[in-house]
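Visitor: coordinates only, sequence not included:
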């Protein structure tokens, strides 16, 4: 009697396709996804590694013949997945992603932390050097890392955030030390040169996932320790797409405070639906004027568009700081707005 055919969800179906196409095609697809989608798809690729012929036919009837030729899908998937990730993300980023999604034999041995409560994880490292806590946090999903971060002593939070932003390569010895503190049976990290962990974006993700009151408390202290790192994290936390989260009232306020020339250049390089979101918060006459100015500009260099958007973001940050602009809440209670 044949084994029952599993019902794959959407991500698993996509993973089957990724395992069937060539590495270059798969890498091209991965390059269009955001980091979270890459991690989810990578996990699913390990899940469907033992996909049967009948299951392949169920997912992609049109590719049954091609699936039969690629019988390697049913064997060790690690080399193939690593090849795809390396092509799509580069060696360092691929190592970081694989360290989080690969099964135990290919992982960094810290995946079991997902089963602990945030306060328990914090207690494991609260008396250790801030570097240890930094390495630990970047090995967690940003949401869990944010909760652990909030349970760490306030006095060391700025130092930890700074070390996350400047972490860079982590030696196997550092990973091993951390693993020994967490669980004795964890496996040794497999990459001898060290994994590329941390960075400004990782620090920004963790702080963005934390409550706003935590951000308000930590960032000024971090700025006193390292202004450059604090500025870089702040910029990574507030990007042009965040402006779309503003409601109509606040977006109108921002538009009134931005020079029309900057506004025209900023909207010149965005998708039509994004442009219309801004123009809808203006009077019909003003919106028509912006459209006419954009058309008269003709083609623009992407660098000029990005520079204008940076100016617009800086204006928005300033308005948020002085209370003129209110971003959507990240939490509840007394830290709903800034």
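Guide: Great, that's in hand. Owing to the predicted nature of the structure, the values given are computational and were not obtained by experimental measurement.
Visitor: counting by contacts, list what the helix or strand hosting residue 163 packs against.
Guide: According to DSSP states H and E, residue 163 maps onto helix 157-165. Here helix 157-165 touches helix 130-138, helix 142-151, helix 200-209, helix 212-225, helix 227-237, going by 3 or more C-beta pairs under 8 Å, 6 or more residues apart in numbering; DSSP states H and E. Quick note: C-beta positions are derived from backbone N, CA and C, even for glycine.
Visitor: which one of the ones you listed lies closest to residue 300?
Guide: Closest to residue 300 of these, according to C-beta to C-beta: helix 227-237, at 22.2 Å.
Visitor: am I right that residue 286 is in a helix?
Guide: Yes: read with DSSP: H, G, I helix; E, B strand; the rest coil, residue 286 is one of the residues of a helix.
Visitor: ok, now how distant is it from residue 292?
Guide: 11 Å (C-beta to C-beta, to the nearest Å).
Visitor: likewise residue 316?
Guide: For residue 316 relative to residue 292 (C-beta to C-beta), the value is 25 Å.
Visitor: show me the residue at the heart of the protein, geometrically.
Guide: Geometric centre of the chain, nearest residue: residue 35, 5.0 Å, by C-alpha atoms, centre = their mean.
Visitor: residue contacts, that one?
Guide: Contacts for residue 35 (C-beta atoms under 8 Å, 6 or more residues apart in numbering) come out as residue 97.
Visitor: if I look at it, how far off is residue 94?
Guide: In terms of C-beta to C-beta, residue 35 sits 12 Å off from residue 94.
Visitor: how about a markdown table for the helices and strands packed on helix 157-165, with mean neighbour count and distance to residue 162 added?
Guide: Shown next, in a markdown table, are the helices and strands packed on helix 157-165 (neighbours: other C-beta atoms under 10 Å; distance: least, C-beta to C-beta, whole Å):
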| stretch | mean neighbour count | distance to residue 162 |
| --- | --- | --- |
| helix 130-138 | 23 | 8 |
| helix 142-151 | 20 | 13 |
| helix 200-209 | 22 | 8 |
| helix 212-225 | 16 | 6 |
| helix 227-237 | 17 | 5 |
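Visitor: which one, of those helices, ends up nearest to residue 40?
Guide: That would be helix 142-151 among the helices and strands packed on helix 157-165, by C-beta to C-beta, at 13.7 Å.
Visitor: got the contact list for residue 206?
Guide: 137, 142, 145, 146, 149, 161, 164.
Visitor: the last one reaches residue 136, doesn't it?
Guide: In this case it means residue 164. No: assessed by C-beta atoms under 8 Å, residue 164 is found out of contact with residue 136, at 10.0 Å.
Visitor: the closest residue in space to residue 87 that isn't next to it in sequence: how many residues sit nearby?
Guide: Closest residue to residue 87 apart from its sequence neighbours, by C-beta to C-beta, 6 or more residues apart in numbering: residue 27 at 3.6 Å. Using other C-beta atoms under 10 Å, residue 27 has 18 neighbouring residues.
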